[in-house]
Structure formats: C-alpha cells, structure tokens
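Peer 1: next comes the sequence, and after it the predicted model I'd like to discuss.
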Amino acid sequence: MAELSTVKTIPEIFEHVLKEYGKDPPKTPIQSKVNDAYKGITYNELKEEVENFAYGLMYFEIDKDDKISILSENRPEWIYSDLAIQLIGAVDIPLYPSLTNDSIQYIINDSDSVGIIVSNQFQLNKVLGIKDKCKKLKFIVVLNEKDVPPDTPDIYSFKNLQDIGKGYKKAKPELLKEKSKKVNEDDLCTIIYTSGTTGEPKGVMLSHKNIVSNVKAAIKCLTITEKDKFLSFLPMCHIYERTTGYYMAFSCGCTIYLAESIEKVAQNLIETKPTIMTAVPRLFERMYSRIIKSVEAEPKNKQKIFYWAVEVGKKYQDARRHKNLSLSLTAKNMVAQNLVFRKLQERTGGNLRFFVSGGAPLHKELAVFFEAVGILVLEGYGLTEASPVITFNRPDNYKFGTVGQILPGIEVKISEDGEILANGPSVMLGYYKNAKETKEVIKNGWLHTGDIGQIDEEGFITITDRKKHLFKTSGGKYVAPAPIENLFQSNKYIDQFVLIGDKRMFLTALIIPDFEAVREYADSHNIKYKKDDDLIETEEIYKLIEGELNKTQKTLANYEKVRKFALLKRPLSMEDGEITPSLKVRRKVIDQKFNDIIDKMYKSL
C-alpha cells in the first residue's frame, strides 16, 4: 500500500502491479472458465496481451483522448481492452451488452467514439445495423475471432489487431512507455453513460484521479491482501464493479475470477471459493428465498432445528458486537454452526470473508439473517458520478440498516430538504457535452446525489429514498417507495414489486410472483394449471400473495400499507425499457405501460 499511495493513474496502477506482484513464482491475477475449468493468466502473459493490443490500436493512429466504446460481457479481453486504452491515454466508453441498437447508436455518436470493441456475432450485428449512422466510427474489433466476417474492411479480430501490434512494438519498442508517462491524473479516463430512469442517458466523465482516489480510499478501509480472491459477476461496464471488483482487487494483487453468468454464480461460488465478492441486494434476496424454500421442504423437526440455529446465531452475533458473550451462548452457536451454518457457508465456497452489497438498498433483516448464519454482508453507497463509492460499512465496524461511514477524503453533508451532498476527489468532471445538467448536479463543488438520507451520531448514513422517487398521497402523506419495495421483495413468493400511489388516496402495487415458488405451492395444494399465466388467474394464488402481503406489512404505518395489488404475467425487463441495466425501476414507463391495470385497481375500491 505504501507504493500504491504514490500512484495517480490507471497506467501507474498497471506498472505498480506488474512490479509488485509479477515476480516468481508466477501468479494468475485473472481466471476465467475454459473448457469447463477455470484457467488463469500470469502477470507476464497479461502484460503481453495488453501491450500487443495497445500497439495494435496505436498502429491505427489511436491517440490520447480518442474515444473507444466497449460492448461486451465480462471476459479477460474486456480487461485487456480497458488497460490498453488507458495506457495510450485514450478514453473508453463501456456499454451494457443488453443495450438496444438505438441506445448504442446514441452513445457512439454522443461520445464521439472512433472505434468499438464487440464481443461476438450478436453484438456485432447490432453495430452493423447502425454503423452508417455513426459518422465518426472508423473501425470495429471483434473479440471472438470466428465471428469476424470475411473480406470486410474496418472489422478486425482482437487477435488480428494484437498480431499487428506485435510487429509495431518491434519497430517502436519505447512508444507505449512514452504514451503512458504522458497520462495525467486530471486526464479523462472513461465516460460512463448512466442508464437513467427518465430521458436520454448522460455521459459521466471520470478522470484518472476520480477513480484512483476512490480505489485507494476504499483499500484503506478494507484489509485486502494478495491472498484474497474475488468472484466478479456484476458487469464491468458499471463503475461499481469496475472500481471495487476489478481496479481495487487488481491493485492489491488479488485473484479475480470471472463468473460465467448470473445464472451460474451459485456454481461458480463453490468452484472458486472466493474470499470477497461484490453484489446487489437481489442476489441476497434470491439466496434467502432459496434457503427458506429448501428448509420448508424438510420435515418439521429439521425446520425447528434450522430456525432455532438462526435465533442462536442472531443472539450470538449481537452479544459478540457488544462484547458480552457467555460460554453458554458460544457453545450453542458452535452446535448451530455444525448442524446448520456450515452447510450454508459451503454454498458460498466456504472461504468468504464478506460480501459487499451496493447499487440499491439492502433490507436490514436480510443482513441480520446472513450474519447470523456466518455470512457477512457489508452494505455501501455511491453513484456513478462519485466513481462510485461514497460510504460503506467496514468489516470491523458495521451497522445494519445503514450504508456505513464516509470514505476517507470525501465530505458529506445533508441539505435542508434532506438530500445527501458529497464533495471530494472522486466527484466527476461533469456530464460530457452537457454543461446545463452538470450545473444542476454540481453546485459550488458539491455533488447533489438526489438521495434522501441522514447521518447518526456515529457517522453512519441511512438512505431513505431517491429524492425524485418520493411521492405524496392525495391525503398529504410522503412515502418513500424503495424501503417498502425491498421489504416485500424479501418474500419468497415475490420476484419483483413496484409500489404505486403518487397523488392517490392509498397505495397499490404491481407484483411479479416468483413463479418457481408459486408453482411449488400450486403443486403441493393440487391447484390445476397448464402454464404460469394460469396461476395468476387463480383465486388461490391471489389469496396466497394477499396473505403474504398482510403478514409482511404488519410493521408499516397505515398510510404505507398496500390495499390492492395486481399480479403481472412476466418480469419487468431492460429490453422493454421497464428497468435500467442496474435493475432500477423506470417508474414513468411503468405508470404509462400499466396504466389500465393501475386505474382498475383504484376503481375497484
């Protein structure tokens, strides 16, 4: 860490890591699945991959400040491409693989991208469909060599560009080093387009200083060593994973395992046995739901043992934090560990030190449950415009229900209307080509986050909701939808939950059931159905969800309770524009798209 303290840019991080960790015996900082087994790449091999691609880009006259988009799922070449672009002082524009042709076209043009790197045939077809409308786009690089169309000018395979780079490196061996040394901490590093819940996406400009300062501040608060192993499954095109699951882990000499997909995370956890993993609350909601589902399929005596163990675990962890553990409680927890907890811990690989949760609010009861069974989930908070981390809970100092304490070097204050304001070296340069929006968000150096929150006497911050998401019922009550939605989404029968009630007399909800759990319920209660659509039409399933809602909302104030709901046949999706790539609900889209269903709920009472 002493040497890292002098590092100011991504190229300097790369140089530091190669010098510090690229010695004998060979270590493998990046591991990915190859032929059903994880295979690593050494630091020397990483250096070759990155430098060859960088030289390939320079051969095609890519220079400082040129913009290159990356449209790919997580894979080693994503990292090689990013590092190569940074080494020559260019700027990368990461794109979500789920984006539509229109969105890709908008970002390529708005960012002035001269090139784009795509992963496969599917992504290539998207770009080819809009290429003629992207006037500055000069070339396309395809990561999968087999997906490069023959005899097509300006389309190259990743390997082909690397081969060109090898020859150029022999001709000008010092050129890359010269370029890297000219990269300044105040230079633009990346432009990340926020998905936004309304309007066109905005390009967040982050400098090397923004990102590197955030990485170093986060490392100060975590005891990360080169022995740690990260499992990365969140998209690296999102700054949350890029900063914490990639740059931070890489800076500390950790091993980064790339998960195959969201669907295979459970399997990859067992295979890689990580010590740290960044995730979003939805992962923990699904984990909890599956655990409870499997427990309830067990005989009654085993169910009793499970719930007894969880209660013991909660008491043990609470007593441990308050330093008043008794021998009796310690002994009971050891029994619970042997009977129940060890099996659950093995599902995460058995070596996990902690999860980091971000991107959306985590329900307090979920964090308490996982701590009780020996799986620590530390919640943090940030946003793209802050590179992204502003606060998080530390492994040795955490408080559930909060997003932790402020990161070193960052200042936070609460405005008169409750909005969280942040200031510090990680706050963005501004929105690309959008001075008007920049001025509305950054005032006198303070980033207006748009989040409502409060700071307690110990410096822990609690987020209430997004400022623009707060709505007011016609009865004059202000409601923060996110905490209520999170409460209901922890229910095993609920997959997605959208609260409705702005300018209405009372609250209603649109609910997408967890169809796997609902099918199991239907089968065990002899409810006849042919497909999932049939299930939500049955009175028994409606009554089931209604009963679950009533049990869940007992702790809510009357004006926060849901009085009516409608079941939807399919999950909300990014493809239909209903949720953002970071899984946030586009409320205006939902209001418009399901207007008839919403109106019907209010007319029926």
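Peer 2: Nice, thanks for sending it over. Numbers count the residues shown, from 1 in each chain.

Peer 1: let me know the pLDDT of the nearest residue to Ile88 once chain neighbours are set aside.
Peer 2: Leaving aside its chain neighbours, Ile88 sits nearest to Lys179 (4.7 Å; criterion: Cβ to Cβ, 6 or more residues apart in numbering). For glycine as for every other residue, the C-beta is placed from the backbone atoms N, C-alpha and C. Among the per-residue scores, Lys179 holds a pLDDT of 97.

Peer 1: again, but for Leu378
Peer 2: 97.

Peer 1: show me where the stretch 251-400 of the chain has helices.
Peer 2: Ranges of helices within the stretch 251-400 of the chain are 265-272, 281-296, 300-321, 327-336, 342-346, 364-372, based on DSSP state H, counting those that start in this stretch.

Peer 1: buried deepest among those helices, which one?
Peer 2: Here the criterion is mean neighbour count by mean count of other Cβ atoms under 10 Å, and of these the winner is helix 364-372, at a mean of 20.

Peer 1: so who does Lys58 touch?
Peer 2: Check again: residue 58 is Met, not Lys. Contacts for Met58 (Cβ atoms under 8 Å, 6 or more residues apart in numbering) come out as Ile88, Gly165, Tyr168, Leu175, Leu176, Lys179.

Peer 1: pull out the buried residues from these.
Peer 2: Buried by 16 or more other Cβ atoms under 10 Å: Ile88, Gly165, Tyr168, Leu176, Lys179, out of those.

Peer 1: and which of the residues you listed is nearest to Leu421?
Peer 2: Nearest to Leu421, judged by Cβ to Cβ, of these is Ile88 at 36.0 Å.

Peer 1: can you list the buried residues in whatever helix or strand Arg563 lives in?
Peer 2: According to DSSP states H and E, Arg563 maps onto strand 562-567. By 16+ other Cβ under 10 Å, the buried positions in strand 562-567 come out as Val562, Lys564, Phe565, Ala566, Leu567.

Peer 1: what count of nearby residues applies to the closest residue to the fourth one other than its chain neighbours?
Peer 2: In other words, Ala566. Leaving aside its sequence neighbours, Ala566 sits nearest to Ile597 (Cβ to Cβ, 6+ apart; 5.0 Å). Neighbourhood size, Ile597 [other Cβ atoms under 10 Å]: 14.

Peer 1: so how far is Phe515 from Ile597?
Peer 2: Ile597 sits 18 Å away from Phe515, going by Cβ to Cβ, to the nearest Å.

Peer 1: one more: Glu540?
Peer 2: Relative to Phe515, and taking Cβ to Cβ, Glu540 is found at 15 Å.

Peer 1: between the two, point out the one with more neighbours.
Peer 2: A count of neighbours by other Cβ under 10 Å puts Phe515 above the other of Glu540 and Phe515, at 19 against 12.

Peer 1: quick check, that one in contact with Asp532.
Peer 2: Yes: here Phe515 reaches Asp532: they are 4.9 Å apart, a contact under Cβ atoms under 8 Å.

Peer 1: by mean pLDDT, which helix or strand of the protein comes out lowest?
Peer 2: Ranked by mean pLDDT, DSSP states H and E, the weakest helix or strand in the chain is strand 471-472, scoring a mean of 73.

Peer 1: quick one: strands adjacent to that one?
Peer 2: strand 478-479 (antiparallel) (DSSP bridges).

Peer 1: can you list contacts of the host helix or strand of Gly129?
Peer 2: Per DSSP H and E, Gly129 falls inside helix 121-130. Contacts to helix 121-130, defined as Cβ under 8 Å, 6+ apart, come from residues 71-72, 97, 99-102, 104-105, 108, 116, 118, 140, 142, 144, 147, 149, 155.

Peer 1: check stretch 575-587 too.
Peer 2: Contacts of stretch 575-587 (Cβ under 8 Å, 6+ apart): 96, 98-100, 195-198, 235, 238, 280, 282, 359-360, 469, 498, 572-574, 589-590, 593.

Peer 1: can you report how many residues neighbour Thr65?
Peer 2: Let me fix one detail, which is that residue 65 is Asp and not Thr. Asp65 has 10 nearby residues by other Cβ under 10 Å.

Peer 1: element containing the residue nearest to Ala566, please.
Peer 2: Using DSSP H and E, Ile597 falls within helix 595-603.

Peer 1: for that helix, which outside residues touch it?
Peer 2: Ile500, Arg504, Met505, Thr508, Leu510, Lys564, Phe565, Ala566, Leu568, Asp591.
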